[in-house]
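In: got a predicted structure plus its sequence, pasted below:
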Amino acid sequence: DTAVSQTPKYLVTQMGNDKSIKCEQNLGHDTMYWYKQDSKKFLKIMFSYNNKELIINETVPNRFSPKSPDKAHLNLHINSLELGDSAVYFCASSPEEGWFTEAFFGQGTRLTVV
Amino acid sequence: RKEVEQDPGPFNVPEGATVAFNCTYSNSASQSFFWYRQDCRKEPKLLMSVYSSGNEDGRFTAQLNRASQYISLLIRDSKLSDSATYLCAVNNYDKIIFGKGTRLHILP
């Protein structure tokens, strides 16, 4: 009964490949996010979606393309992977957009680009 | 000024001691604040929410100082199991911004 689930948990791939990470939440939340946590452990927001609509794109390279087929799913597709894309990618969700809402995280996808 | 700033530590504290972390934020319009705990190779998990002046939950107390734009986390009677990274987070309406985290090691 995982609330926010991501697949895969680990992903090792070569430079130049294209890969996708899937995220699903069963909490009935309206808002979903993608965060990137680099080797220095800094958790940085990438995208924010509210009811399937893109709200925030934090100057992420356009090789990263999120897609939200419905408000329970937010997938992340990455084209032409680079070494610097190696990180842990966390999906998260919030009940709603607004001043008084917290985020609940998936278990993360550890991406290693070789 | 960075959106959310924390002392990265590490804080090395003997078991049973009291430890406090501070976090400063730049957006004076922010309304809600959070402390998350992140264990090694795990996802961040919500520890406490702070909406007004403060919140207490057992050994943990979070306080908010709007005038100075900082929040604090106090851990009393620390346990070995409290060893983790503590992330401060601020809700800026359309996104939740995290600090870089403070590492805490509780020493036996």
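Out: Structure's in. What do you need? Numbers count the residues shown, from 1 in each chain, chains lettered A, B, ... in the order given.
In: for B:Leu74, name its beta-bridge partners.
Out: Beta-bridge partners recorded for B:Leu74 (DSSP bridges): B:Ala20, B:Thr61.
In: looks like it contacts B:Ala17 (just checking).
Out: No. The pair B:Leu74 and B:Ala17 does not pass the contact test of CB atoms under 8 Å, sitting 11.4 Å apart. C-beta coordinates here come from the backbone N, C-alpha and C atoms, glycine included.
In: other SSEs contacting the helix or strand of chain A at the bottom of the mean pLDDT ranking?
Out: Least confident helix or strand, chain A: strand A:53-57 with a mean of 88, by mean pLDDT, DSSP states H and E. Other elements packing on strand A:53-57 under the criterion 3 or more CB pairs under 8 Å, 6 or more residues apart in numbering or on different chains; DSSP states H and E are strand A:43-50, strand A:64-70.
In: would you mind finding the most buried of those?
Out: Highest mean neighbour count among these (mean count of other CB atoms under 10 Å in any protein chain shown): strand A:43-50, with a mean of 21.
In: how about it against chain B, any contact?
Out: Yes. Counting by CB under 8 Å from any CB of the partner chain, chain B has neighbours in strand A:43-50: A:Leu43, A:Lys44, A:Ile45, A:Ser48, A:Asn50.
In: who's A:Asn57 bridged to?
Out: A:Phe47.
In: my read: A:Glu58 touches A:Trp34, true?
Out: No. A:Glu58 is not in contact with A:Trp34 according to CB under 8 Å; the separation is 9.6 Å.
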